[in-house]
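Asks: I need the structure of the sequence given here:
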Amino acid sequence: MGTLDHEQLGEKLREKSIPEVGDALLNSFGRRDWKAIPVAETVTETPKPLQVVPNTPSVGHAMAWPAYYKTVSEENTGNGVPTGFGELAENIPNQLQTSPLVKVRPEVVLMLDRGQQILDSSPETAHLQLVVVDGYRTIEVQRRLFEEYRAYLVKENPGMSDEKLDNLAQQMVSMPPENLEKLRICPPPHSTGGAVDVILVEKSKIDITSDYWVKGAMINFGAYFDEMMHPVYKDVRSFTRFDEKVPEDVEARKNRRLLYNLMVSVGFTNYPFEFWHYDSVNQFYALVKGLNIAKFGFAGGLENGKIVEDLRAEEMAFRAYQTIQGLTSEAAERIRHHFGL
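Replies: Predicted coordinates:
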């Protein structure tokens, strides 16, 4: 978009239409051409540095709420069952437990913060908070998400071939590589630390004392976050340009434009099938930009034929919770999974 005049930002971001994505790019994503783009970064035994996006709001900074996290305080869900945020999270069995932390590459944090600073700088958008609902995913979490969505598609499409099911599932959830060599050369975007799922919320509705405040605070995008199982629309309303073609919902169209133009202005590219998914210098980014090489590869490590994930931040959060709650070692071990450990 180029440099924006902060005094005129609000309406510019809302009024500039989301550009059409050509068939060539859509077909490239459909064929998963991004997997053939070389990655400049070498996967070593040591995981790449990732930075935690804070779960609390502050001026000029993006904040996080992890979509697939199942809270320790289950009573906060209202019905005693931990659900997470978004269609996929709510349909995943309770045993899937991801980290209460959202982590991304440090460079990505700076980009996200620039986005919040743009919002804060205009009276038209200063009431909005950029929230990161997903960032880096471990390979195990990626596998579980893919399997869960594919299982849903199997029920919805009896008789469909495995190949077609895999292709359909991968439009919304990347298939985890079947071996370590594939992980080196074509990791799922979220496993690079360079992909983020983001939404905008009303600052006045942020309530960090409640584990599931995000759903009620999200502004109208004309679809739910992670919408891919809708009884009527399935995944169609999740396509980024859906509301460009639906003149009735002016508010949703302007809000999608706001998010898109904001994220693109700070250097991200959008995955055209998901209005919430944005990338920085990974293979998705390279495909959209027409680059011959991507910078970010797998953010984890590979050592002696095994995947190494850096979970030090999660371990620290777990130990802090244990201390604050005064839990015995036995009681603490029972809730380790609530910290993605």
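Asks: which pLDDT does the model give the residue nearest to K35 when sequence neighbours are not counted?
Replies: Spatial nearest neighbour of K35, chain neighbours left out: C186 (3.8 Å); criterion: CB to CB, 6 or more residues apart in numbering. Every C-beta, even on glycine, is put in place using the N, C-alpha and C of the backbone. On the pLDDT scale, C186 is placed at 97.
Asks: does C186 really touch V43, like I thought?
Replies: No. In this structure C186 lies outside contact range of V43 using CB atoms under 8 Å: 11.6 Å.
Asks: state the distance from the residue nearest to K35 to G60.
Replies: Separation of C186 from G60 (CB to CB, to the nearest Å): 35 Å.
Asks: show me the shaky parts of the stretch 1-150 of the chain.
Replies: 1-8, 10, 73-82, 93-97 (pLDDT under 70).
Asks: now the helices for it?
Replies: With helices called from DSSP state H, counting those that start in this stretch, the stretch 1-150 of the chain shows them at 9-15, 23-31, 87-91, 106-121, 139-156.
Asks: and stretch 162-182, how far apart are its ends?
Replies: 20 Å (CA to CA, to the nearest Å).
Asks: leaving out sequence neighbours, find the closest residue to T83.
Replies: Take T83 and drop its neighbours on the chain: the residue closest to it by CB to CB, 6+ apart is E90, 4.9 Å away.
Asks: can you list the helices of the stretch 1-150 of the chain in a markdown table and add mean neighbour count and distance to K182?
Replies: Below are the helices of the stretch 1-150 of the chain laid out as a markdown table (neighbours: other CB atoms under 10 Å; distance: least, CB to CB, whole Å):
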| stretch | mean neighbour count | distance to K182 |
| --- | --- | --- |
| helix 9-15 | 18 | 38 |
| helix 23-31 | 13 | 16 |
| helix 87-91 | 19 | 23 |
| helix 106-121 | 20 | 24 |
| helix 139-156 | 17 | 11 |
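Asks: closest one to K254 among those?
Replies: helix 9-15 (4.2 Å; CB to CB).
Asks: ok, residues contacting that closest one?
Replies: With contacts defined as CB atoms under 8 Å, 6 or more residues apart in numbering, helix 9-15 is touched by 4-5, 118, 121-125, 254-255, 257-258, 261-262, 265.
Asks: and for the residue nearest to Q171 when sequence neighbours are not counted, the neighbour number?
Replies: Spatial nearest neighbour of Q171, chain neighbours left out: F273 (5.6 Å); criterion: CB to CB, 6+ apart. When neighbours are counted by other CB atoms under 10 Å, F273 registers 19.
Asks: F273 and S238 touch, don't they?
Replies: Yes. Shown here, F273 and S238 form a contact pair, counting by CB under 8 Å, at 6.6 Å.
Asks: now the strands: where do they sit in the protein?
Replies: For the chain, strands defined by DSSP state E occupy the ranges 51-53, 63-64, 102-104, 128-134, 195-202, 269-270, 277-279, 301-303, 306-308.
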